[in-house]
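Engineer: Pasting a predicted model and its sequence here:
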Amino acid sequence: MNLIKLFLPLLRRQWLMMFTGLLLAFITLVAGIGLLSLSGWFLSATAVAGLSLATAQAFNFFTPAGGVRFLSIARTASRYGERLATHEATFRLLTELRVKVWRALMPLADKDLAGLRQSELLNRLVADIDTLDHLYLRLLVPMGAFVAVLLALFAFIGWFDSRLAMLLCGGVLLALCCIPLSFYLLGRSSAVAVVNEKRRYRVQSLEFLGGLAELWLFGALDKYRHDLDLTEQQWQRSQRTMASLQGLSQAVLVLVHGVLILLMLVMASSGVGDRVPPGPLAAMVLFASLAVMEMLMPLAGAFSQLAGCLAAGDRVNDIIDKKSDIAFGDKAQLPAGDIYFEDIEFGYQPRHPVLSQFSLRIRQGSRVAVLGKTGVGKSSLFTLLTRGYNPDSGRILVGETDIQDVTEKALRSAITVVSQRVHLFAGTLKDNLAMACETPPTDVALMQVLERVGLGYLAEGSDGLKQWIGEGGRLLSGGETRRIGIARALLKDSPILLLDEPTEGLDRRTERQMLALLFEHAKDKTLVMISHRLTAMTEMDAIHILENGRVRASGSHEALVAQHPEYRALSLCRE
Ligand SMILES: Nc1ncnc2c1ncn2[C@@H]1O[C@H](COP(=O)(O)OP(=O)(O)OP(=O)(O)O)[C@@H](O)[C@H]1O
């Protein structure tokens, strides 16, 4: 059911190419069966004609010989066209499916994707969708062509002899109903296992490769390698079972086909229609029966793949059907104003509150720091403000506007975030910077910002801004990556700037320089900074200390040093 739901809209759009593929598959089969039947008849008729001089002279060699040549050329040409059309249709279907899944994935927020690992998502986007190519290419096309050719064959042989037509077509139909269906049932669990093991293997190998450095450093490489090998062995076992089943189903089909030919031989030898003895017509009917194998063979294994297709279809559908819990409103702009967290209750898991009765007002245009112990919920404030999650209760207002009432675009353009983990894409320096701008920036602007964050030297090589920065920015150091994150923030001009430990990992001097840049950039904006360190606290308009899910103390640096012993201790440590 899921598979039909998934494919039906695509079938409507790609029906022409899909139908062309099916038509060409039909023509190929008809030409193949016609070629063998005509050849059989031609050889026998030639032999019979050669029995006497008179019949040999009267026999028309040219028309059947021309027919044989025509059918062989037609078969080759239509086979070529069929491969082109069916593969083109498959690629179009897969492309559409990928775009569809991608579109469904894009609006999902952190919360919606919380249960899915990145590698799992990648698997659904790649492997599961690839599995679905079986449906059209290996099931629908051979099945559709089979039904059409069977009807044509029944009409053609039935024209000479209805008994032979019934025997051949009835026998083939019965074989098709029983054999692939039985093998579908037999191979169902293995087909699903192949899809699942493949998924597991991909997920594990991606994690293995991603964490290779850690595994190596902690000496856990062998254990993970062993787990990976085990999964691979299980995957291969399921593949072997599937291959054996497919081989067996083909062998059974060949056997049944052989029996059918034998029966046809016995029946045809006693006469074909009103021709007794049957003469060359018997050879034609027998060769047609032999050629039927060409349309049966692709179906032998196709059904055993169906279970895998259904499983992959379910998983892909799972994503497409996922509705985001984070609903955006329709206000096209987030007006400027104070940020107000009003009576927030929030936790990632039920009964594990992170913020409780949390209220905080951040004045428009002010510079504010949020401090607190690890895990107290500082980053969660940003997660709520950027709508990765919704609060369980309470509201977040900017001015008078609830952030739930504005569109996602308006929210994103009103807020710039420098997050704890800066992600760099496997691309050029320019790609990684320009993504922060709403309108394409000039190279001069990008160079200026690089100079400001002290990374001008990165673009000094012959490639300039087109300098490749490696997979996930591997060619850059941790500090350089952070500074790219800061450069992105400087390139975006939005009224709210959220900094989540923006200078973590930088030396003191660079830290001060970066903060000065950010403060300068945010001089008419609202700036909220999460920090563990007390750098630049004297430059903050307000500092809020979080404890047990709410604001424990607020004030300026001087006030907190005077009133808050822990803050004073931290401040002294720093000095
Ligand atoms: N996506 C998530 N799913 C489940 N729990 C989470 C998630 N993100 C954070 N948490 C948990 O919520 C709590 C608050 O996390 P948060 O990241 O807001 O803390 P933090 O104060 O920013 O910590 P740090 O200073 O270490 O960055 C922590 O106990 C953390 O384990």
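Structural biologist: Sure, I can see it.
Engineer: Now for residue 342: which residues touch it?
Structural biologist: Contacts of residue 342 were listed using C-beta atoms under 8 Å, 6 or more residues apart in numbering, and they are 359, 394-397. C-beta: built from backbone N, CA, C; applies to glycine.
Engineer: So among those, which ones count as buried?
Structural biologist: For those, a burial check counting by 16 or more other C-beta atoms under 10 Å picks out 394, 396-397.
Engineer: Return the closest of these with respect to the ligand.
Structural biologist: residue 396 (15.0 Å; C-beta to the nearest ligand atom).
Engineer: pretty sure that closest one is in a helix, no?
Structural biologist: No. Applying DSSP: H, G, I helix; E, B strand; the rest coil, one finds residue 396 to be strand, outside a helix.
Engineer: What about residue 308, how many residues nearby?
Structural biologist: If you count neighbours by other C-beta atoms under 10 Å, residue 308 ends up with 25.
Engineer: Contacts for stretch 32-43, please.
Structural biologist: The contact list for stretch 32-43, computed with C-beta under 8 Å, 6+ apart, reads 64-65, 67-68, 71-72, 75, 149, 153, 280-281, 283-288, 290-292, 294-295.
Engineer: what does stretch 499-517 give?
Structural biologist: Residues outside stretch 499-517 that contact it (C-beta under 8 Å, 6+ apart) are 378-379, 382, 417-420, 452-454, 478-479, 482-483, 485-486, 489-490, 518, 527-533, 535-536, 539.
Engineer: Are any of these buried, and if so which?
Structural biologist: Buried by 16+ other C-beta under 10 Å: 378-379, 382, 417-420, 452-454, 479, 482-483, 485-486, 489-490, 518, 527-531, 535-536, out of these.
Engineer: Let me see the contact set for the spatially most central residue of the chain.
Structural biologist: Geometric centre of the chain, nearest residue: residue 125, 0.9 Å, by C-alpha atoms, centre = their mean. Residue 125 sits next to 98, 101-102, 105 when contact means C-beta under 8 Å, 6+ apart.
Engineer: Now with 6 Å, please.
Structural biologist: By C-beta atoms under 6 Å, 6 or more residues apart in numbering, the contact list for residue 125 reads residue 101.
Engineer: Can you give me the pLDDT of it?
Structural biologist: What the model reports as pLDDT for residue 125 is 75.
Engineer: related to what we said a few turns ago, so which of the buried ones among the contacts of stretch 499-517 are in helices?
Structural biologist: Here DSSP state H is the test, and these give 378-379, 382, 452, 479, 482-483, 485-486, 489-490, 518 as lying in helices.
Engineer: Return the item of those having minimum pLDDT.
Structural biologist: Of all those, residue 479 has the smallest pLDDT value, namely 88.
Engineer: Which stretches in the stretch 351-500 of the chain count as strands?
Structural biologist: 355-362, 367-372, 393-398, 401-402, 415-418, 496-500 (DSSP state E, counting those that start in this stretch).
Engineer: I'd like those laid out as TSV, including distance to residue 424.
Structural biologist: Converted to TSV, the strands of the stretch 351-500 of the chain look like this (distance: least, C-beta to C-beta, whole Å):
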stretch	distance to residue 424
strand 355-362	30
strand 367-372	26
strand 393-398	30
strand 401-402	33
strand 415-418	13
strand 496-500	17
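Engineer: Same list (those strands) but as a markdown table, adding mean pLDDT.
Structural biologist: Below are these laid out as a markdown table (pLDDT from 0 to 100):
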| stretch | mean pLDDT |
| --- | --- |
| strand 355-362 | 94 |
| strand 367-372 | 94 |
| strand 393-398 | 95 |
| strand 401-402 | 94 |
| strand 415-418 | 94 |
| strand 496-500 | 95 |
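Engineer: quick one: which of those is nearest residue 308?
Structural biologist: Between residue 308 and the strands of the stretch 351-500 of the chain, the tightest spacing by C-beta to C-beta is seen for strand 415-418, at 41.4 Å.
Engineer: Residue numbers of the protein in contact with the ligand?
Structural biologist: With the criterion set to C-beta under 6 Å from any ligand atom, the chain comes near the ligand through 348, 354, 372, 374-380.
Engineer: Looking at these, which is nearest residue 465?
Structural biologist: residue 379 (31.5 Å).
Engineer: Which strand or helix spans residue 242?
Structural biologist: Here residue 242 sits within helix 221-269, counting by DSSP states H and E.
Engineer: could you say what helices and strands that helix packs with?
Structural biologist: Packing contacts for helix 221-269, counted by 3 or more C-beta pairs under 6 Å, 6 or more residues apart in numbering; DSSP states H and E, involve helix 162-210, helix 280-291, helix 293-320.
Engineer: swap the cut-off to 8 Å and go again
Structural biologist: The contact analysis (3 or more C-beta pairs under 8 Å, 6 or more residues apart in numbering; DSSP states H and E) places helix 221-269 against helix 162-210, helix 212-217, helix 280-291, helix 293-320.
Engineer: can you give me the angle it makes with helix 293-320?
Structural biologist: Here helix 221-269 points in a direction 140 degrees away from that of helix 293-320 (axes from the mean of the first three to the mean of the last three C-alpha atoms, to 10 degrees).
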